[in-house]
Every structure is written in C-alpha cells, then in structure tokens.
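**Q** How does the following fold in three dimensions:
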Amino acid sequence: MSSEHLSKQFDADLETLRSGVLQMGGLVESQIRGAIEAFTNGNADLIEQIVAAEVRVNECEVQIDDDCSHIIVKRQPAAGDLRLIMAISKTVTDLERIGDEAEKIARMSKQIHDRGHTDLHRFANIRHAADIALSMLRQALDAFARLDTAQAASIIRQDMAIDIEFRSILRQLITFMMEDPRTISTALEIVWIAKAVERIGDHAKNIAEDVIYIVKGTDVRHTAVEVVEREALG
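**A** The predicted structure is shown next:
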C-alpha cells in the first residue's frame, strides 16, 4: 500500500473524527435549547426528550474516544495530528458534561413546574445567560470546525459575561427568598439551573482553549485572557 494512500486514509480518519465532534455538538446544542424552553414552559414531553438524549450524547463520547484510541495505535500520529486527536478527546468530554448540565436544567425545571411555582418571569436573566452560553458553544464548535484561533479567543473573553450574570442571578434569588420564605425550595432549584448555565459557558471556553492548543501548540488553560488573545492572534 503506497504512502500516499496511507496518508489519504489517515486524513479521512481525522475528518471522520472532526465530523463526529460536530454532530455531537449539534445534539448537545439542541439539548440546551430544549432545557431552557422546558424551564420557561414546563413542557413534560420536552423534558423527557432531553433526558433521553443524554444516552445518545454518552454513546457519542464513548464512540469518538474509542476512535481516537484506535487512530493513535494504528497511525502513531505526531505533532499537529496528535494535538488534534488529544484535543478532540478533551472536547468530547466537555460536550458530554454540557449534556449533563442540560439534563440537570430539565430535571430541575420539572420539579419547579410540578410544584406549581411557575411565576418565573422574574428570572428572565437566566434565559439571557443561557443565550450567552449557547452562543458561546455554537461559536466554539464553529472555531473548532475552522480552527479559528481569533474566534476562540473571543469566546474565552465572553465567559466573563456569564460569570457576571450568574452573580446577578444569585443576588436576585437571595432577595426573592427573603421576601417570601415559601419560595426557598424553588429558589434553590433555580440556583442549580443558573450554576448549570454557568458551567456550560465554562465548558464552551474549554473547547475554545482546545482550538488554540491544536493550532498553536500552546496550553492556555488558567491563563489571563489578555495573554490568551496575544497568543491566539500572534
């Protein structure tokens, strides 16, 4: 078998991996949108769909990790190809955890609506924070598809906006509980939902950091955002 044929097959294997990540990302995006919709309207059927989708997300993670292992053993990749495979393995872990957070939002939403506390218009900022997190994930997957380090750096900076929203939601919930102690159970469940949204943003940021690692070979975790931007744009 010619080296050219082997090279083309290796490229095809890598492209299959990349496509798998993007498909898994699309499934997780759908989970988040559904979870936030369930928080808003308490749709029981939608909640069940989100919980059921978690099984598919887990299957995707296992399959892609298995494919990564087989490629490493079979192809013995080096340099940029090895970085790509390592980053894909980390990215699918983050996507699986995002799926976990979406499921958590759905389950908490079910408890809130089952209890009958549906006056949630006061928490529109949770939906706003979720919109930011979902946009970050979408951009992170786009940056991964195009290996765009500039876009990856912008996502990392956006994570600060979700942190600000989360702190604002906590302050609002404290006021809510002080005004009416009967709402404490619901308020605590909303705290879990807000924290899940914040964690989704964290995982999207992790994926963006992986993009920079693939392209630049630099680990930018736990690095000031200004330094990350210089590295990404340099």
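**Q** Tell me which residues touch residue 201, please.
**A** Residue 201 makes contact with 129, 132, 133, 136, 158, 159, 162, 163 under the criterion CB atoms under 8 Å, 6 or more residues apart in numbering. Quick note: C-beta positions are derived from backbone N, CA and C, even for glycine.
**Q** again, only this time at 6 Å
**A** By CB atoms under 6 Å, 6 or more residues apart in numbering, the residues touching residue 201 are 133, 136, 159, 162.
**Q** quick one: which of these is nearest residue 9?
**A** Of all these, residue 9 sits closest to residue 136, with 34.7 Å by CB to CB.
**Q** What distance do you get for the closest one to residue 7?
**A** Note on residue 136: its distance to residue 7, by CB to CB, to the nearest Å, is 35 Å.
**Q** For residue 38, list the residues it contacts.
**A** 46, 47, 106, 109.
**Q** Now do the same for the residue lying closest to residue 219 once chain neighbours are set aside: helix, strand or coil?
**A** Beyond its immediate neighbours in the sequence, the residue positioned closest to residue 219 (CB to CB, 6 or more residues apart in numbering) is residue 213, lying 5.9 Å away. Following DSSP: H, G, I helix; E, B strand; the rest coil, residue 213 is assigned to helix.
**Q** neighbours around residue 213, how many?
**A** Neighbours of residue 213 under the rule other CB atoms under 10 Å: 20.
**Q** who are the neighbours of the lowest-mean-pLDDT helix or strand in the chain, in terms of helices and strands?
**A** Counting by mean pLDDT, DSSP states H and E, the chain has its least confident helix or strand at helix 225-233, which shows a mean of 76. Contact analysis of helix 225-233 by 3 or more CB pairs under 6 Å, 6 or more residues apart in numbering; DSSP states H and E lists helix 149-179 as its packing neighbours.
**Q** one more time with 8 Å
**A** In terms of contact count using 3 or more CB pairs under 8 Å, 6 or more residues apart in numbering; DSSP states H and E, helix 225-233 is assigned the packing partners helix 149-179, helix 184-216.
**Q** By neighbour count, which bits of the first one are buried? Give me those.
**A** Going back to what we said before, that points to helix 149-179. Neighbour-count burial for helix 149-179, with 16 or more other CB atoms under 10 Å as criterion, is recorded at 149, 151-156, 158-159, 162, 165-166, 169, 172-173, 176-177.
**Q** just the angle between the least confident helix or strand of the chain and helix 149-179, please?
**A** Computed with axes from the mean of the first three to the mean of the last three CA atoms, to 10 degrees, the direction of helix 225-233 lies at 150 degrees from that of helix 149-179.
**Q** Between the contacts of residue 201, which sits nearest residue 28?
**A** Ranked by distance to residue 28 (CB to CB), those are led by residue 133 at 11.3 Å.
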